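# how does the following fold in three dimensions:
(chains A and B)
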Amino acid sequence: MKKKLSLTVTKLTCKRNSISIFNPLSFKVSEGQMLIIKGKNGRGKTTLIHCLAGLLSYQGLVKWKGVEGKIGYIGHKFGLKEHETVYDFIKFWKAVYGSKVSIDEVVEFFSLFNVLFSPIAFLSFGQKKKLTFVRLYFFNNNVWLLDEPFSGMDDNNRELIFNMIESHISNKGMVVLSTHEKGRILNIKNTKELVIE
Amino acid sequence: MNNLFYIILKKDLKDNLLSNKAWFTISFFLLCLIIFPLAFGSSQYLELNVSISAIWISTLFANLIALDHMYKEDYNDGTLLYYIVNKVPLVIVVYAKCLSHWLFSGLPIILIAPLCSYIFSGYNENNLNLFISLILATPIFTLIGSPIAALMLGSSLRGAALTFITLPFYLPIIIFGVMGTNINNSNINAEFYLLLAILSIGIIFFPMITVKILKNIIN
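Numbers count the residues shown, from 1 in each chain, chains lettered A, B, ... in the order given. Now for the predicted structure:
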């Protein structure tokens, strides 16, 4: 029987050089929900997301249930090579994921026609950031961990990301994201907030 | 798993070609080699021993130059993070990178070293031994260098520290390699067997260590 998607975190903390980055955190996120992690700079929002992604060791309990496939992750580093073209990037990750989504579909969705064969070095910060969301598009998974997904994005790209997140949540996915954004992101249904102090 | 290996290998080979790192190693090898006859200041052929030593020293430094870039770019731009989050087995990444490193820093040297030996010394009797020694030794250089290159990822003294730490581990390989190249008409090829043994163990052992180191570095 397919398990319902959920994330249960109990007294999670992360230590660097024996110093706790944040106080023990406990929360639960279910399918079709979004958790917004808020806090001032340096409070540990990125560290928390890295702990959930399995990139950092932590103390406490993180229990995932019903996760299908790999966890989608967007971080501060984009994993882009300056000398490769946008087309090469898309083709590589499509092959790594074994995705059946066509490259044409991705190009149309992300409006990459004009830059498809440009080296990534020629793209702006916002364009590079948008390109990282291509990995999520290839996924057939239900969990997204997004670290400051809106920073550096113009209005059109923000709209694109909002729509992706809303669609993902309405398809019973789960989104955990950290942001300083206000306004529209808080209007998405089934949203919880976690403030790290 | 095999498919993933070829995908990552193909990408790494393409990255090396597009970023021009591929040509840097062989160019450095030739540049380093040319210094020896210039330093001896003679228009005559070098002694055979000297030319073989020159080839080995140049191979060593060309390999060291290329080692620094093995994981640096993927670490700096976050590609390693995405491999880990997306559960791409790091062992496949490491083997692909080692093979790619050898294809650009070892194989070209293996192919042109016998010719260089003949040009510098005028002798070609030891060329087969030189060829076999390099075929065995250059992959070992890559495999030994791989965990050390991973260890240096977070260090600011990367280039210099890499050389100081790697050199002592390369010395036995160079000793066996030079001895193996210099043997003449002997049926005892103990040096080659020793290099083959080190390669056989190293091909399993060093990538596993590299994976552990990479995971700890990311952590």
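
# show me what residue of chain B gets nearest to chain A.
Closest residue of chain B to chain A, Cβ to the nearest Cβ: B:Gly78 (2.6 Å). All C-beta spots, glycine's among them, are computed from the backbone N, C-alpha and C.

# where does chain B have its least confident helix or strand?
Taking mean pLDDT, DSSP states H and E as the measure, the helix or strand of chain B with the lowest value is helix B:21-40, at a mean of 82.

# tell me which strands and helices it is in contact with?
Under the contact definition 3 or more Cβ pairs under 8 Å, 6 or more residues apart in numbering or on different chains; DSSP states H and E, helix B:21-40 sits against helix B:48-67, helix B:90-105, helix B:107-121.

# to A:Leu146, which of the ones you listed lies closest?
The closest of the helices and strands packed on helix B:21-40 to A:Leu146 is helix B:90-105. By Cβ to Cβ, the value is 23.5 Å.

# do the closest one and chain A meet at all?
No. Figure legend: helix B:90-105 not in contact with chain A (Cβ under 8 Å from any Cβ of the partner chain); closest approach 10.5 Å.

# for that helix, name the packing helices and strands.
helix B:2-18, helix B:21-40, helix B:48-67, helix B:79-85, helix B:127-151, helix B:190-218.

# can we see that at 6 Å?
With contacts defined as 3 or more Cβ pairs under 6 Å, 6 or more residues apart in numbering or on different chains; DSSP states H and E, helix B:90-105 has these neighbours: helix B:2-18, helix B:21-40, helix B:127-151, helix B:190-218.

# re the thing from before, how far does the least confident helix or strand of chain B sit from the chain's center?
Counting by Cα atoms, centre = their mean, to the nearest Å, helix B:21-40 is centred 15 Å from the centre of its parent chain.

# repeat for stretch A:106-124
20 Å.

# put the alpha carbons of that stretch into PDB.
The C-alpha coordinates for stretch A:106-124 follow below in PDB (Å, rounded to 0.1, in the frame of the first residue of the first chain):
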ATOM      1  CA  VAL A 106      11.600  21.900 -21.000                       C
ATOM      2  CA  VAL A 107      12.800  24.700 -23.400                       C
ATOM      3  CA  GLU A 108       9.200  25.800 -24.000                       C
ATOM      4  CA  PHE A 109       8.200  25.700 -20.300                       C
ATOM      5  CA  PHE A 110      11.300  27.800 -19.200                       C
ATOM      6  CA  SER A 111      11.400  30.000 -22.400                       C
ATOM      7  CA  LEU A 112      15.000  29.100 -23.100                       C
ATOM      8  CA  PHE A 113      14.700  29.400 -26.900                       C
ATOM      9  CA  ASN A 114      17.000  32.400 -27.100                       C
ATOM     10  CA  VAL A 115      19.700  31.000 -24.900                       C
ATOM     11  CA  LEU A 116      19.600  27.300 -25.700                       C
ATOM     12  CA  PHE A 117      23.000  27.100 -27.400                       C
ATOM     13  CA  SER A 118      24.600  29.900 -25.400                       C
ATOM     14  CA  PRO A 119      27.400  29.100 -22.900                       C
ATOM     15  CA  ILE A 120      26.100  29.300 -19.400                       C
ATOM     16  CA  ALA A 121      28.800  31.900 -18.700                       C
ATOM     17  CA  PHE A 122      26.800  34.400 -20.900                       C
ATOM     18  CA  LEU A 123      23.600  34.100 -18.700                       C
ATOM     19  CA  SER A 124      22.600  36.500 -16.000                       C
END
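
# got the buried residues for that stretch?
Within stretch A:106-124, the residues that qualify as buried are A:106-107, A:110, A:112, A:115, A:120, A:123, counting by 16 or more other Cβ atoms under 10 Å in any protein chain shown.

# ok, stretch B:13-26 next?
Counting neighbours by 16+ other Cβ under 10 Å, one finds that the buried residues in stretch B:13-26 are B:13-16, B:18, B:21-22, B:24-26.

# quick check: mean pLDDT across stretch A:38-54?
Averaging pLDDT along stretch A:38-54 gives 88.

# that stretch and chain B, any residue contact?
Yes. Residues of stretch A:38-54 contacting chain B under Cβ under 6 Å from any Cβ of the partner chain: A:Ala53.

# up against chain B, what does chain A have?
Counting by Cβ under 6 Å from any Cβ, chain A sits next to chain B at A:53, A:56-57, A:70, A:73, A:77, A:79, A:83, A:92, A:95.

# which ones among those residues map onto helices?
Within the residues of chain A next to chain B, residues falling in helices by DSSP state H are A:53, A:92, A:95.

# what is the nearest of those to A:Leu146?
Using Cβ to Cβ, those come closest to A:Leu146 at A:Ala53, 10.6 Å.

# isn't the closest one right next to A:Tyr73, touching?
Yes. Between A:Ala53 and A:Tyr73 there is a contact under Cβ atoms under 6 Å: 5.1 Å.

# which of these two has more neighbours?
A count of neighbours by other Cβ atoms under 10 Å in any protein chain shown puts A:Tyr73 above the other of A:Ala53 and A:Tyr73, at 26 against 19.

# report the longest helix in chain A, please.
helix A:155-170.

# got the buried residues for it?
Buried, per 16+ other Cβ under 10 Å, within helix A:155-170: A:157-158, A:160-162, A:164-166, A:168-169.

# give the contact list for the residue of chain A at minimum distance from chain B.
The nearest approach of chain A to chain B comes at A:Lys77, 2.6 Å away (Cβ to the nearest Cβ). Residues near A:Lys77 by Cβ atoms under 6 Å, 6 or more residues apart in numbering or on different chains: B:Gly78.
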